[in-house]
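Engineer: Have a look; sequence and predicted model below, questions after that.
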Amino acid sequence: MENKNVFTVPVSGLALGNHSFRFEVNDDFFAERDYSEVQQGHVVVQLDIERSEHRLVLHFDLEGSVRVVCDRCADSFDLPIAAEQEFFLKLGSELKEEADNVIVLPADQQEFDLGDLIYEFIILAIPMHRVHSEGQCNEEVMQYLSEHEYVEEEETENDPRWSALKNYKIEDN
Ligand SMILES: [Zn+2]
């Protein structure tokens, strides 16, 4: 993975004061993470770092979209996401996770890889309920659902008609 370093920031060598960085996350970023439910997306990360003597305050501003499956019609779509996060890197004696958003690094640490952190922030930005905007759902599926309203009330997962429809959709693509 030769582009692994794309998400690193300098630590010990970073001058005191404010700094800005910009990162772009694309499909490769998700593909490198086999375990990821999200496998496609494009997110721009604007990072502002405030460096003081013993601490770096990282302010992340994420904006973009990720490919998810619609809870209503089961088609994939690009869900817009946006999030802001704050994270602290403290300079101390040894590597230690002090809190959810605080990591202590050895004072002479050259750089820090933000890849996993950015991934975590993107996943956190995805809502539990993921649906197309009103009117954007797969028309065939919506038609089917409206003709078979019981699907909403009854057990949908074991309904053979529902499974048959899902299979039909996969072949269709
Ligand atoms: Zn939908």
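Structural biologist: That came in fine, so what should we check first? Numbering: from 1, shown residues only.
Engineer: In contact with residue 42, which residues?
Structural biologist: Contacts for residue 42 were tallied using C-beta atoms under 8 Å, 6 or more residues apart in numbering; they are 24, 25, 26, 27, 64, 65. Yep, even glycine has a C-beta here, placed from its N, CA and C like the rest.
Engineer: mind checking pLDDT for the fifth one?
Structural biologist: According to the predicted model, the pLDDT of residue 64 comes to 98.
Engineer: Give me the distance between it and residue 43.
Structural biologist: Applying C-beta to C-beta, to the nearest Å, the value for residue 64 to residue 43 is 3 Å.
Engineer: re the thing from before, return the members of the contacts of residue 42 classed as buried.
Structural biologist: Burial of these was assessed by neighbour count (16 or more other C-beta atoms under 10 Å); the buried members are 25, 64.
Engineer: Nearest to the ion among the contacts of residue 42?
Structural biologist: residue 65 (14.9 Å; C-beta to the ion).
Engineer: Give me the neighbour count for the nearest residue to residue 108 once chain neighbours are set aside.
Structural biologist: With sequence-adjacent residues excluded and distances taken as C-beta to C-beta, 6 or more residues apart in numbering, residue 108 is closest to residue 12, at 5.4 Å. For residue 12, the neighbour count with other C-beta atoms under 10 Å is 13.
Engineer: measure the residue in the chain sticking out farthest from the centre to residue 136 for me?
Structural biologist: Largest separation from the mean C-alpha position in the chain: residue 147, at 35.5 Å (C-alpha atoms, centre = their mean). Taking C-beta to C-beta as the measure, residue 147 and residue 136 are separated by 20 Å.
Engineer: how about stretch 53-60 as PDB, C-alpha atoms only?
Structural biologist: Taking C-alpha atoms only, stretch 53-60 is exported to PDB below (Å, rounded to 0.1, in the frame of the first residue of the first chain):
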ATOM      1  CA  GLU A  53       4.500  23.200  23.300                       C
ATOM      2  CA  HIS A  54       3.100  19.900  24.600                       C
ATOM      3  CA  ARG A  55       0.000  19.400  22.600                       C
ATOM      4  CA  LEU A  56      -1.600  19.400  19.200                       C
ATOM      5  CA  VAL A  57      -5.300  20.200  18.800                       C
ATOM      6  CA  LEU A  58      -6.700  18.600  15.700                       C
ATOM      7  CA  HIS A  59      -9.900  20.000  14.300                       C
ATOM      8  CA  PHE A  60     -11.400  17.800  11.500                       C
END
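Engineer: Tabulate the contacts of residue 42 (TSV), appending distance to the ion and secondary structure.
Structural biologist: Compiled in TSV, the contacts of residue 42 are given as follows (distance: C-beta to the ion, whole Å; DSSP: H, G, I helix; E, B strand; the rest coil):
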residue	distance to the ion	secondary structure
24	27	strand
25	24	strand
26	24	coil
27	21	helix
64	20	strand
65	15	strand
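Engineer: Since that was my last question, I'll sign off now.
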